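Participant: Just to be clear, the model below is a prediction. Sequence and coordinates:
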Amino acid sequence: MDLLFVESSIKPWGTEQHFAALAIAMARRSHQVRCLMCAGSPLEAALREAQVPVVSLKFRGSSDPRLLGALFRLILQRRPRWLVTNDGKFYWPLVLLGPLIGARTALFRHWPNMPKKKLTRKLIPRLADRFIVVSQFQREYLRREGIDVTPISILYNPIDTTLLQPAPQARARMRASLGLSDSEVVIGYVGRMVADKGIFTLFDASERVLAAEPRARMLWVGDGADLPALRARVAQSAQCSRHLFRDWTAQVRDVYVSLDIAVVPSQYPDPCPRVPVEAQACGVPVVCSNIGGLPETLVANVSGLLVEPEDAASLSAGILALAADPERRRSFGIAGREWVCARLSYERIAAAFEELLEGPRTPGANSVRPEIFTR
């Protein structure tokens, strides 16, 4: 199968990581994959390392004539069977260009809602050969918004379980670099430092955890608009020295394996965040807010815990329950790794994507059923 992936963002966030991950996963299954993307994307190096051909251009948005010209030339040259994008800016260009050269379109949506323009909301899911969301929550959210979800499919985020796996030596090395001993219980937040991600609720919860558990340490990894405000709160804390901050790193595996507990305290309905799944792939138990698509990223009380969003007391209780029970952490870590490998690995999601693309284009027939991930 010949696929052309198109993306305009230069951010390293979840949507863009999905773009690269799915392209790599399909290439590993011997499909002909090529990517057209904006020069300067931090994901270009990962794609090239995986030997996925990349055409990178400098352009200003999806309406830039240089981009549209390059896109049209590449389509005519390659004659791909499928045009694939996560980028809402490309919805209309692809659904209009595709039929002209006999290509089909697979459009992903990662935000909970649809674009505001009524014509786009109504027509794009119908005009696309496949319109795909990344969680059951998201599909239901769109249904409640009045969107006809009959032609909308579900495909979860693929995770590289070969790269993201338990690594004892990397754990020891990373902890040593942080000045942490193996006996300390490291609780970690990995992601954007913004209020919507629940960082201030986690800070409040961490104060209770650090006061109650002398072995606990808090590790914050990432950057964002609210990082200065978080640092200011930590500076005023009696537990200040037990909070550690690190910038975002591409070596995210080493961060995950250094943790004993990963926390995802989101307070907005993230459709399907990658962090809890990546952490579980590395054998790390998770504590997550019970909101949005987060409940679909773990097996509650088997590989992680769900707590109420914006509830510091509930969050601290969940963290403390795991911090005090190393055997439960070990059991959760094993279960989480097994669950991710069985359902969300590159191989599993790529196979599900193939099934979705090759299936019939009839109402409801192209939805990836929940049981496809539980066989």
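Facilitator: Structure received.
Participant: so Ala351 is in which element?
Facilitator: If you go by DSSP states H and E, Ala351 is part of helix 346-358.
Participant: Please apply the same query to Ser30.
Facilitator: Here Ser30, judged by DSSP H and E, is contained in no helix and no strand.
Participant: For it, give me phi and psi.
Facilitator: Ser30 has phi and psi values of phi 70, psi 20 when expressed as degrees, to the nearest 10.
Participant: pLDDT score assigned to it?
Facilitator: pLDDT, Ser30: 95.
Participant: Would you mind listing the outside residues contacting the helix holding Ala351?
Facilitator: Identification of contacts with helix 346-358 by Cβ atoms under 8 Å, 6 or more residues apart in numbering yields 1, 21-22, 24-26, 28-29, 82, 104, 106, 130, 132, 153, 155-162, 342, 366, 368, 372-373. For the C-beta atoms, the positions are set from N, CA and C on the backbone; glycine is no exception.
Participant: from the residues you listed, which ones fall inside strands?
Facilitator: Counting by DSSP state E, the contacts of helix 346-358 place Trp82, Arg104, Ala106, Arg130, Ile132, Ser153 in strands.
Participant: ok, back up a step: buried subset of the contacts of helix 346-358?
Facilitator: Buried residues within the contacts of helix 346-358, counting neighbours by 16 or more other Cβ atoms under 10 Å: 21-22, 24-26, 28, 82, 104, 106, 130, 132, 153, 155-161, 366, 368, 372-373.
Participant: For Cys282, give me its contacts.
Facilitator: By Cβ under 8 Å, 6+ apart, the neighbours of Cys282 are Leu164, Gln165, Pro166, Ala167, Arg253, Tyr256, Val257, Arg337.
Participant: quick one: the helices in the stretch 51-200 of the chain?
Facilitator: Secondary structure of the stretch 51-200 of the chain (DSSP state H, counting those that start in this stretch): helices at 65-78, 91-101, 118-127, 136-144, 168-178, 199-212.
Participant: If you could redo that for the stretch 201-350 of the chain, that was the one I meant.
Facilitator: Counting by DSSP H, counting those that start in this stretch, the helices of the stretch 201-350 of the chain are 227-235, 252-257, 275-281, 312-323, 326-343, 346-358.
Participant: and among the ones you listed, the most buried is which?
Facilitator: Mean neighbour count (mean count of other Cβ atoms under 10 Å) peaks for helix 275-281 among the helices of the stretch 201-350 of the chain, with a mean of 28.
Participant: Point out the other helices and strands that that helix packs with.
Facilitator: helix 252-257, strand 261-264, strand 286-289, helix 326-343 (3 or more Cβ pairs under 8 Å, 6 or more residues apart in numbering; DSSP states H and E).
Participant: any idea how far the residue nearest in space to the middle of the chain is from Gln17?
Facilitator: Against the mean C-alpha coordinate of the chain, by Cα atoms, centre = their mean, the closest residue is Arg274 at 2.8 Å. Using Cβ to Cβ, to the nearest Å, Arg274 is found at 6 Å from Gln17.
Participant: which residues are in contact with both of those two?
Facilitator: Contacts common to Arg274 and Gln17, judged by Cβ under 8 Å, 6+ apart, are Asn157.
Participant: Fine by me, thanks again.
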